[in-house]
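> For reference, the sequence and a predicted model appear below.
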Amino acid sequence: MKRVARTGNEAMAEAMRQINPDVVAAYPITPATEIVQIFSQFVADGLVDTEFVAVESEHSAMSACIGAAAAGARAMTGTSSQGLALMYEMLYIAAGLRLPIVMPEVNRALSSPINIHCDHSDTMGARDSGWIQIFSENSQEAYDNVIQAVRICEHPQVRLPGLITVDGFIISHGLEVVDLIHDEEVKSFIGEYKTERSLLDIKHPYSLGALDLQDFYFEHKRQEAEAMYNTPEVIRAVGEEFGKRFGRKYDLIEKYKLEDAELAIVVLGSTAGTSRVVIDDLREKGIKAGMLKIRIFRPFPHKEIAESLSSVKAVAVMDRVDGVAGFGSPTFNEVRAALYDGPTRPPIVNYIYGLGGREISLEEITSVYKNLEKIAKTGEVKKIVNYLGVRE
Amino acid sequence: MATLKELSKRPERFTGGHRLCPGCGASIVARQVLLACKDPAVVTISTGCLEVGSTIFPYSAWEVPFFHSAFENSAATCSGVETAYRALKKKGRLPVDKEIKFIAFGGDGGTYDIGIQSLSGAMERGHKMLYVCYSNEAYMNTGIQRSSATPRAAHTTTAPVGKVIPGKKEFPKDLTGIMAAHKIPYVAQTAVGFWRDLTTKVEKALAVDGPSFINVHTPCRLGWGYQPDMTVEIGKLAADTCFWPLYEVEDGRAWKLTYKPKEKRPVKDLFNLQQRFKHLLKEENKGLLDEIQARIDQDWEDLLKKVEK
């Protein structure tokens, strides 16, 4: 283990260097550009033996990764925001063809209006594309998650692509202390990439991507869904093994002072770090505050969430995205649905915050707990969907 | 260059039993391209007639590894497969360590229009692959809609002949010229009906150390409106009228005609055989027909100036 200072982008590029994929096809986009840039330098300096393809768009980046993965190569790319949106069509194809492509993704707002800063609109837009989605709180997690994703995605029971997100600028460009694992240990942890079939196996030609009509399409989609059902167990096992080998254990969700909490917030990404400070402060004041951090958004850990929130008196789901759905944001709606089958159904509210990189302050998070306190006392939810830190 | 006898002895790698129309030009292109390739080949394809007509799960007409992922990305996908080949070869991890050729197919919609970015990118990056555009001059798979390859005045369902508009208003774009401007090692135009020209060009294209592109004029009996037994004749007439000249360009510089008609026939002879042009034969559209003929004559003159003497 080597302790260094790295930004989120640098940490993820470092993980990619250690993974040493066969093919990387990528295109620059703020704030993920650095990943591609740093990796290109690794290629130029001979630190990896990856074939790097500087494609002409994100659509082609994902298309080339799909071609490479279908040919039996370990393929990676990285993107953000509009880039992920341009890949949209190909995301479904990567998942449908069961190609375990791993992609760092830097969370950034979607146009319009154009904005280069953090929110989760891009990633949430791809939430039903069949990709595993792993959210990282900080650079360390981003680094660890990229390495684990290779194992998770390539697992024979899974074989699905996965994206690992960090919050744009806040983490992608924020310098933090990161413990790096030795190259050889990463190599042994991820192992060799083994495919069942390859387009380059000319002795066993097969047609991939055939027209699939009423008589087979549904079965193939059912198998894809089954793979996602298999994934939580694999994520846990990989997170467990990672913890044993490198000292940092990972699960589907992370609980912070939640065991005896009465008031809980649910968060994703970097806001978890800010929330810890607020919770510590509230705890000192005798308020039983806690947090549930969702690490894995896909597959959605509905059972774990329902169980973890079963004994709290009020819950607020913080979402850095507005689904513009007419009612609530994506994480809120899914957490709320998960609670339906839980042992209890605590009152729950939605907070939409931080769009387009709008800062979230300690005071704002504290105000969420204040509202939860009122709800817990009265049992009454005055407003289900709330906006935090916006001029209205 | 392979003789007809040699080609006839090679294994069929695009087999019969597919569901393309009788007289489909695209199936002739696919079969002849693969016959001309002596090495193992991996094929990618854009969404379109050739793809949906040749692969309906669990059936396939392809005896080579075949990959379709989407409409606009046959070139990008093929570039990924080709890159994987280089990566795995370098690492000694190829399943079979043999020289493999990479061939991307696309129709004119998937090549001239929605796929031109992906094609241009892959060619510029220098991947060792052959891109074959089977241009049947409209979106045939979705039901004969106009593309930027559709000829001036042709009837399609989105640029139909009506009471006030006589079909497509624009001339097609010169995609072969655009590809030549990429200055890649080999670019060519050929037509269905010229099997020797086509197979020779495929051999040349696959022999270069870099990207290559062949644009094939591919008659479509359904979209063009002719009897299925006329496919080859129409392809030949396209060249004989200089509507679709057969030529090749090496390194973007050396232009060479590979077929010069003994007698340059009027384009009317080609249009006569196709329903999509039948309105052009009416007296009131004579001006339009003359305009098209003048353009063909001019393009032919321009081409003759470019070719090596």
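Perfect, I can see it now.
> How are the strands of the stretch 101-250 of chain B distributed by residue range?
Under the criterion DSSP state E, counting those that start in this stretch, the stretch 101-250 of chain B contains strands at B:101-107, B:130-135, B:186-191, B:212-217, B:247-250.
> Could you tell me which residues make contact with residue A:82?
A:29, A:58, A:110-111, A:122 (C-beta atoms under 8 Å, 6 or more residues apart in numbering or on different chains). Backbone N, C-alpha and C define where each C-beta goes, glycine included.
> quick one: which helix or strand includes it?
helix A:81-96 (DSSP states H and E).
> ok, and the closest non-adjacent residue to residue A:144?
In this structure, residue A:144 finds its nearest non-sequential neighbour in residue A:248, 5.8 Å apart by C-beta to C-beta, 6 or more residues apart in numbering or on different chains.
> quick one: secondary structure of that neighbour?
coil (DSSP: H, G, I helix; E, B strand; the rest coil).
> what's the helix or strand hosting residue B:294 packed up against?
When elements are assigned from DSSP H and E, residue B:294 belongs to helix B:286-306. Helices and strands touching helix B:286-306, by 3 or more C-beta pairs under 8 Å, 6 or more residues apart in numbering or on different chains; DSSP states H and E, are strand B:254-257, helix B:267-271.
> what are the ranges of the helices in the chain?
I'll assume chain A. For chain A, the helices defined by DSSP state H cover A:8-19, A:33-44, A:58-70, A:81-96, A:121-125, A:139-154, A:183-190, A:217-246, A:271-284, A:302-308, A:330-340, A:362-378.
> Switch to chain B, please.
B:4-9, B:25-36, B:49-54, B:74-90, B:108, B:116-124, B:175-180, B:195-207, B:221-224, B:231-240, B:267-271, B:286-306.
> Quick test: name the residue nearest the centre of chain A.
residue A:134 (2.5 Å; C-alpha atoms, centre = their mean).
> could you list every residue that touches it?
Residue A:134 neighbours (C-beta under 8 Å, 6+ apart): A:145, A:148-149, A:162-165, A:295-297.
> Low-confidence bits of chain B, can you list those?
Flagging of chain B using pLDDT under 70 yields the residue ranges B:309.
> For chain A, what is the nearest residue in it?
Nearest residue of chain B to chain A: residue B:80, at 2.7 Å (C-beta to the nearest C-beta).
> what about that residue, how many residues close to it?
36 (other C-beta atoms under 10 Å in any protein chain shown).
> Ignoring the adjacent residues along the chain, who's closest to it?
Nearest one to residue B:80, counting by C-beta to C-beta, 6+ apart, is residue A:67 at 2.7 Å.
> tell me the contacts of the one you found?
Residue A:67 touches A:199, B:44, B:67, B:69, B:76-84, counting by C-beta under 8 Å, 6+ apart.
> now do 7 Å
B:44, B:67, B:77-81, B:84 (C-beta atoms under 7 Å, 6 or more residues apart in numbering or on different chains).
> Looking at chain A, which residue is nearest chain B?
residue A:67 (2.7 Å).
> how close does that residue get to residue B:70?
For residue A:67, the distance to residue B:70 (C-beta to C-beta, to the nearest Å) stands at 11 Å.
> for residue A:84, same thing?
16 Å.
> More neighbours: which of the two?
Using other C-beta under 10 Å as the criterion, residue A:84 and residue B:70 rank with residue A:84 on top: 29 against 23.
> For that one, which residues are in contact?
With contacts defined as C-beta under 7 Å, 6+ apart, residue A:84 is in contact with A:105, A:122, A:126.
> how many other residues sit next to the second one?
Which is residue A:122. What residue A:122 shows, counting by other C-beta under 10 Å, is a neighbour count of 25.
> could you list every residue that touches it?
By C-beta under 7 Å, 6+ apart, the neighbours of residue A:122 are A:80-81, A:84-85, A:107-108, A:110.
> ok, back up a step: can you list the helices of chain A in CSV and add distance to residue B:213 and mean pLDDT?
As requested, the helices of chain A are exported to CSV (distance: least, C-beta to C-beta, whole Å; pLDDT from 0 to 100):
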stretch, distance to residue B:213, mean pLDDT
helix A:8-19, 33, 98
helix A:33-44, 27, 97
helix A:58-70, 17, 98
helix A:81-96, 23, 98
helix A:121-125, 35, 98
helix A:139-154, 35, 98
helix A:183-190, 39, 98
helix A:217-246, 34, 98
helix A:271-284, 50, 98
helix A:302-308, 51, 96
helix A:330-340, 44, 97
helix A:362-378, 57, 98
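> winner for burial among the ones you listed?
helix A:58-70 (a mean of 31; mean count of other C-beta atoms under 10 Å in any protein chain shown).
> tilt between that helix and helix A:33-44?
50 degrees (axes from the mean of the first three to the mean of the last three C-alpha atoms, to 10 degrees).
> so helix A:58-70 versus strand B:101-107, what angle?
130 degrees.
> from the chain's centre, how far out does helix A:58-70 sit?
Mean C-alpha position of helix A:58-70 versus that of the full chain (C-alpha atoms, centre = their mean, to the nearest Å) differs by 20 Å.
> Kindly report the same for stretch B:192-212.
The answer for stretch B:192-212 is 12 Å, by C-alpha atoms, centre = their mean.
> what does stretch B:30-44 give?
Stretch B:30-44 has its C-alpha centroid displaced from the chain centroid by 15 Å (C-alpha atoms, centre = their mean).
> Would that stretch count as contacting chain A?
Yes. With C-beta under 7 Å from any C-beta of the partner chain as the criterion, chain A is reached by stretch B:30-44 at B:40, B:42, B:44.
> buried residues in that stretch?
B:30-37, B:40-44 (16 or more other C-beta atoms under 10 Å in any protein chain shown).
> Quick one: residues in contact with that stretch.
A:67, A:199-200, A:202, B:2, B:7, B:10, B:12-14, B:50, B:62, B:64-67, B:74, B:77-78, B:81, B:98-105, B:132, B:195, B:198-199, B:202-203, B:206.
> Send me it as PDB with only the CA atoms.
Presented in PDB, the C-alpha positions along stretch B:30-44 are these (Å, rounded to 0.1, in the frame of the first residue of the first chain):
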ATOM      1  CA  ALA B  30     -22.100  -9.900 -49.600                       C
ATOM      2  CA  ARG B  31     -21.400 -13.200 -51.300                       C
ATOM      3  CA  GLN B  32     -18.900 -11.800 -53.800                       C
ATOM      4  CA  VAL B  33     -17.000  -9.700 -51.200                       C
ATOM      5  CA  LEU B  34     -16.500 -12.800 -49.000                       C
ATOM      6  CA  LEU B  35     -15.600 -15.000 -52.000                       C
ATOM      7  CA  ALA B  36     -12.900 -12.500 -52.900                       C
ATOM      8  CA  CYS B  37     -11.400 -12.700 -49.400                       C
ATOM      9  CA  LYS B  38      -9.100 -15.700 -49.100                       C
ATOM     10  CA  ASP B  39      -8.200 -15.100 -45.500                       C
ATOM     11  CA  PRO B  40     -10.400 -15.700 -42.400                       C
ATOM     12  CA  ALA B  41     -12.700 -12.700 -42.100                       C
ATOM     13  CA  VAL B  42     -14.800 -11.000 -39.400                       C
ATOM     14  CA  VAL B  43     -17.800  -9.100 -40.500                       C
ATOM     15  CA  THR B  44     -19.600  -6.200 -38.900                       C
END
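> CA-only coordinates of stretch A:161-175 in PDB, if you can.
Extracted in PDB, the C-alpha atoms of stretch A:161-175 (Å, rounded to 0.1, in the frame of the first residue of the first chain):
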ATOM      1  CA  PRO A 161     -21.200  -3.700 -18.000                       C
ATOM      2  CA  GLY A 162     -20.700  -1.300 -15.100                       C
ATOM      3  CA  LEU A 163     -20.100   2.400 -14.500                       C
ATOM      4  CA  ILE A 164     -18.300   3.800 -11.500                       C
ATOM      5  CA  THR A 165     -19.300   7.400 -10.700                       C
ATOM      6  CA  VAL A 166     -17.600  10.200  -8.900                       C
ATOM      7  CA  ASP A 167     -19.100  13.700  -8.500                       C
ATOM      8  CA  GLY A 168     -17.800  16.100 -11.100                       C
ATOM      9  CA  PHE A 169     -15.200  18.600  -9.900                       C
ATOM     10  CA  ILE A 170     -16.000  18.000  -6.200                       C
ATOM     11  CA  ILE A 171     -14.300  14.600  -6.400                       C
ATOM     12  CA  SER A 172     -12.900  14.400 -10.000                       C
ATOM     13  CA  HIS A 173     -10.700  17.500  -9.400                       C
ATOM     14  CA  GLY A 174     -10.500  17.500  -5.600                       C
ATOM     15  CA  LEU A 175      -7.100  16.400  -4.200                       C
END
